[in-house]
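Chemist: The sequence isn't on hand, but the structure is:
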């Protein structure tokens with residue numbers, strides 16, 4: 001009987017706590033149309049990314065959804081077309097866990113698209129524990145290094161598209177877990193075989209790296225018509241937690257569904273950062289619940305951001321000539 005009472009009380013507490021959290025959830029109220037614009041959404045075939053891609057499609061954009069699973073990509077494309085009524089939706093293969101794939105995807109976009117208005121860097125993994133074919137820990141490569149390389153390679157098209165009145169936008173999806181990060185620039189590619197706690201910390205590290213990258217990139221693009229933001233979607237129950245194991249991942253997802261957001265709700269802040277008129281007037285900011293937030297102190301470390309940039313350029317094997325070409329003014 002005591003156990004039943006404890007379970008009942010705990011359930012009631014979690015439900016009440018969840019309702020309190022949900023009361024802070026915000027919906028993007030911008031009615032901005034995206035007719036004639038082109039948007040790339042990485043990881044745009046499931047969870048938050050699918051909701052973001054659907055939102056852009058309903059605003060009239062040409063939407064390119066990217067993921068490393070062909071079947072999922074084709075299904076998502078048809079779903080977006082069916083629900084939005086917008087047939088200008090494309091699926092393209094992209095594996096952020098492969099620098100070769102990132103380069104091929106970026107080259108294809110540069111060659112086949114005449115503009116790129118929004119780059120939504122949404123794709124990410126949870127806490128798996130293995131190396132990529134490039135020899136990087138999967139968490140760091142997919143969540144950060146692949147995104148870093150992709151963004152740099154797409155800069156020429158973003159710069160070509162943006163104007164003073166309507167700048168191109170880059171949105172990096174980060175997480176509140178950037179606050180637990182313990183980033184060591186000499187240890188950006190950790191070993192595998194880590195315990196669960198370390199993998200969670202590596203996840204936090206990858207999300208801190210995205211914020212630092214946004215800050216440094218914004219500084220290097222000063223004067224260009226590109227706005228860069230970080231969006232924390234909040235705690236959302238998606239398949240990203242499956243990598244914690246079937247049982248633990250299921251429990252985490254269920255708890256988060258009770259306590260916090262649906263994928264639709266999680267998509268609202270990234271969409272806000274990409275379309276809101278107020279958000280286009282600032283750059284390198286962090287948004288949560290469609291509101292500007294202050295990141296961790298580490299995320300504002302200018303020297304850390306510069307050091308991370310320099311290390312990242314080396315690790316993803318960007319040549320000086322290639323980097324200069326991507327960063328040069330039009």
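Modeler: Sure thing, it's come through. This structure is a prediction, so every number in the text was calculated from the model and none was measured.

Chemist: confidence score at residue 4?
Modeler: If you check residue 4, the pLDDT there is 56.

Chemist: could you say which helix or strand contains residue 114?
Modeler: Using DSSP states H and E, residue 114 is not contained in any helix or strand.

Chemist: Please read the previous query as pertaining to residue 155.
Modeler: Taking DSSP H and E as the definition, one finds residue 155 inside helix 146-161.

Chemist: That helix: which residues count as buried?
Modeler: Under the neighbour-count criterion of 16 or more other Cβ atoms under 10 Å, helix 146-161 has 146-159, 161 buried. For glycine as for every other residue, the C-beta is placed from the backbone atoms N, C-alpha and C.

Chemist: between those, which is nearest residue 27?
Modeler: For the buried residues of helix 146-161, the closest approach to residue 27 (Cβ to Cβ) belongs to residue 147, at 26.2 Å.

Chemist: Name the nearest residue to that closest one, sequence neighbours excluded.
Modeler: Leaving aside its sequence neighbours, residue 147 sits nearest to residue 121 (Cβ to Cβ, 6 or more residues apart in numbering; 4.7 Å).

Chemist: Report how many residues lie close to the one you found.
Modeler: The burial count assigned to residue 121 is 30, neighbours taken as other Cβ atoms under 10 Å.

Chemist: Please apply the same query to residue 113.
Modeler: 16.

Chemist: picking up where we left off before, look up which residues are beta-bridged to the residue nearest to residue 147.
Modeler: residue 172 (DSSP bridges).

Chemist: pretty sure it is touching residue 173, no?
Modeler: Yes - assessed by Cβ atoms under 8 Å, residue 121 is found in contact with residue 173 at 6.3 Å.

Chemist: Show me the common contact partners of those two, please.
Modeler: Residues touching both residue 121 and residue 173 (Cβ atoms under 8 Å, 6 or more residues apart in numbering): residue 210.

Chemist: Can you list the low-confidence ranges for the stretch 151-300 of the chain?
Modeler: The stretch 151-300 of the chain contains residues with pLDDT under 70 at 237-260.

Chemist: starting at the chain centroid, how far to the helix holding residue 155?
Modeler: Distance of helix 146-161 from the chain centroid (Cα atoms, centre = their mean, to the nearest Å) equals 14 Å.

Chemist: Residue 64 belongs to a strand, doesn't it?
Modeler: Yes - Residue 64: assigned to a strand according to DSSP: H, G, I helix; E, B strand; the rest coil.

Chemist: So what pairs up with it in the strands?
Modeler: With DSSP bridges as the criterion, residue 64 is bridged to residue 40, residue 90.

Chemist: Report the contact partners of residue 162.
Modeler: Contacts of residue 162 (Cβ under 8 Å, 6+ apart): 117, 168, 224-226.

Chemist: do the same with residue 224
Modeler: For residue 224, the contacting residues are 159, 162, 329, by Cβ under 8 Å, 6+ apart.

Chemist: and it, helix, strand or coil?
Modeler: When classified by three-state DSSP, residue 224 comes out as coil.

Chemist: Report the separation between it and residue 183.
Modeler: Distance of residue 224 to residue 183, computed by Cβ to Cβ, to the nearest Å: 27 Å.

Chemist: and if you look at residue 278?
Modeler: Per Cβ to Cβ, residue 278 is found 30 Å from residue 183.

Chemist: who has more neighbours, these two?
Modeler: A direct count of neighbours by other Cβ under 10 Å for residue 278 and residue 183 places residue 183 higher, at 21 against 10.

Chemist: Contacts only, for that one.
Modeler: Residue 183 makes contacts with 205, 208-209, 298, 304, 308, as judged by Cβ under 8 Å, 6+ apart.

Chemist: just checking, which of those residues belong to helices?
Modeler: Members of the contacts of residue 183 lying in helices (criterion: DSSP state H): 205, 208-209, 304, 308.

Chemist: Which members of these define the maximum pairwise distance?
Modeler: 205 and 304 (11.7 Å).

Chemist: the more surrounded of the two?
Modeler: Higher neighbour count among residue 205 and residue 304: residue 205, with 25 against 18, using other Cβ under 10 Å.

Chemist: now the closest residue to that one other than its chain neighbours: how far from residue 123?
Modeler: Once flanking residues are discounted, residue 205 sits nearest to residue 181: 4.6 Å by Cβ to Cβ, 6+ apart. Separation of residue 181 from residue 123 (Cβ to Cβ): 19 Å.

Chemist: More neighbours: those two, which one.
Modeler: residue 123 (26 against 22).

Chemist: which ones are touching the more buried one?
Modeler: By Cβ under 8 Å, 6+ apart, residue 123 lies in contact with 42-44, 49, 66-67, 94, 96, 142, 147.

Chemist: Nice, that's everything, thank you.
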